[in-house]
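> return atomic coordinates for the entry below.
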Amino acid sequence: MNVEQNMTRINKVDAVLKKPLRLKVCLIMLIVSNLLSHSVFSDEPEHVRQSVRALGMGGAFVAVANDEYALYYNPAGLQSVQQTIVEIVTVGATTNQNLLDLQDVETSNTTATFGDLVGKNVYTEINMGAMSITAPGWGYSIFGNLLFNSIINNPQVPYFEMKAYYQYGMVGGFALSFMDEMLDVGIAMKSITRNGITKTVHVYDLLDDNFADNLEKEFVERNIITHDIGVTYHLDQIANLETKVSYVIRNIGGMDFGSAGQIPMTMDVGIATETEIAGLDFIFAIDYLDLANKLTQYQDYLRNLKAGAEVGCFKRSNGHHALSIRLGLNASHYLSAGFSINIPGLPIKIDYAAWSEEIGFLAGKIEDKRQSANVSINF
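Numbers count the residues shown, from 1 in each chain. Got it, this is the predicted structure:
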């Protein structure tokens, strides 16, 4: 690149940086205009759909799965569903603390804005589900996700590294019991269409009037069909403890969406125990995910370890408690907490979780604090 080209780019950047309001508008447009992603520069596992309940329990859900998210975590859990759950619509969102902190940024101090964000993820996700049914032994789910994850580098001449996609699909499955209902075996099939992109965007690219159109043309769309197989074995009851051990193979054959991301096949194991004390239902669980260490670029066994607990009271006809409180430990380091309110007399359920994702190459290396919330209409 010659000197004249360099000076042209520097002048463009300077023009943007002198207009902080315009810059902030561009940032907001990037965040909310369907540029939704999972970054290649942060080493974190991709997912199809996450349960806010599971996130509040540190991600320990393989053996716990007994609700509408059994289809996504362990299809054998469909045999643990006690009542039919009809999901009319669910809307949820996840955001990280760095994005929330942007609200406090002074628009007049552009340099400080970039200085604070350099090297940090900006993450947001929107989740939707509709017209889904989960019943004892079978279920199907229709869903959609919008996801954005980006990092800003170089505060003097800023550029964004990002991966952006939206996806939608359907999951269906069933489970059967054997050996006098000691062994549950389930299978699920997923059909997912993802449209996304991986790209480095320089701040001067935002000045191009055709930026949005050019970006849309670079999006890659792929449809993939894959399967999950899960088994759960119920151990003999000891005292008042009902314990089960689960093993699940997810995304058999893997899912390669090209530049929009990859979700490899994984093997997960978990153990959970349930008990009732003074009218309260308790669950304790420990999972080890991704036995072959395929989800992340760097292998670290501690980051795959999850643990969590839940206490609930007043179970309703849709299988959920009127009130549930959760605690967990993700990646062996990060505490999580959450709750659910299943409003009596109304078909409304609210889920919330405060949790952290490991985005570094070792457990405890780089913590990305996040918050998730769902509002569901079901009965």
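
> going forward, measure contacts between C-alpha atoms and count neighbours the same way
OK.

> how about the helices in the stretch 101-250 of the chain?
110-117, 211-217 (DSSP state H, counting those that start in this stretch).

> which of the ones you listed has the lowest average pLDDT?
Among the helices of the stretch 101-250 of the chain, helix 110-117 carries the lowest mean pLDDT, at a mean of 60.

> only C-alpha atoms, please: export stretch 60-80 in CSV.
This file holds the C-alpha atoms of stretch 60-80, laid out as CSV (Å, rounded to 0.1, in the frame of the first residue of the first chain):
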residue,chain,number,x,y,z
ALA,A,60,-25.0,-28.5,34.3
PHE,A,61,-28.1,-29.8,32.5
VAL,A,62,-27.2,-33.1,30.7
ALA,A,63,-28.8,-35.3,33.4
VAL,A,64,-31.2,-32.7,34.7
ALA,A,65,-33.0,-32.1,31.4
ASN,A,66,-36.7,-32.6,32.1
ASP,A,67,-38.4,-29.7,30.3
GLU,A,68,-38.8,-28.3,26.8
TYR,A,69,-35.0,-27.9,26.5
ALA,A,70,-34.4,-31.7,26.8
LEU,A,71,-34.5,-31.6,23.0
TYR,A,72,-31.4,-29.5,22.9
TYR,A,73,-29.4,-31.0,25.8
ASN,A,74,-30.3,-34.7,26.1
PRO,A,75,-33.3,-36.2,24.2
ALA,A,76,-33.3,-39.1,26.8
GLY,A,77,-34.6,-36.4,29.2
LEU,A,78,-37.9,-36.5,27.3
GLN,A,79,-38.8,-39.5,29.5
SER,A,80,-38.4,-37.3,32.6
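
> grab the most central residue of this structure for me.
Gln50 (4.3 Å; C-alpha atoms, centre = their mean).

> which residue ranges of the stretch 251-379 of the chain form strands?
255-256, 262-263, 266-277, 280-288, 305-315, 321-330, 334-342, 348-358, 367-378 (DSSP state E, counting those that start in this stretch).

> which of these sits closest to Val122?
Judged by C-alpha to C-alpha, the one of these that comes nearest to Val122 is strand 367-378, at 9.5 Å.

> ok now that closest one, how far from the chain's centre?
When distances are taken as C-alpha atoms, centre = their mean, to the nearest Å, strand 367-378 is centred 9 Å away from the chain's centroid.

> pLDDT below threshold where in this protein?
Scanning the chain for pLDDT under 70 picks out 1-42, 104-116, 155-157.

> which residues touch the residue nearest to the centre of the chain?
Shown in contact with Gln50 (C-alpha atoms under 8 Å, 6 or more residues apart in numbering): Tyr72.

> and the strands of the stretch 251-379 of the chain as a markdown table, adding distance to Glu218?
Shown next, in a markdown table, are the strands of the stretch 251-379 of the chain (distance: least, C-alpha to C-alpha, whole Å):
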| stretch | distance to Glu218 |
| --- | --- |
| strand 255-256 | 17 |
| strand 262-263 | 17 |
| strand 266-277 | 29 |
| strand 280-288 | 37 |
| strand 305-315 | 37 |
| strand 321-330 | 35 |
| strand 334-342 | 37 |
| strand 348-358 | 29 |
| strand 367-378 | 28 |
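
> how about those strands, which one is nearest Val201?
Across the strands of the stretch 251-379 of the chain, closest to Val201 is strand 262-263 (C-alpha to C-alpha), at 21.2 Å.

> walk me through which strands the closest one pairs with, and which way each runs.
Strands adjacent to strand 262-263 in the sheet, as given by DSSP bridges, are strand 255-256 (antiparallel).

> which residues touch the partner strand?
Contacts of strand 255-256 (C-alpha under 8 Å, 6+ apart): Ile224, Thr226, Gln262, Ile263, Pro264, Met265.

> mark which of the residues you listed are buried, thanks.
Neighbour counting by 16 or more other C-alpha atoms under 10 Å classes Thr226, Ile263, Pro264, Met265 among the contacts of strand 255-256 as buried.

> next, format those residues as JSON lines and append distance to Gly308.
Below are the buried ones among the contacts of strand 255-256 laid out as JSON lines (distance: C-alpha to C-alpha, whole Å):
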{"residue": "Thr226", "distance to Gly308": "28"}
{"residue": "Ile263", "distance to Gly308": "24"}
{"residue": "Pro264", "distance to Gly308": "25"}
{"residue": "Met265", "distance to Gly308": "24"}
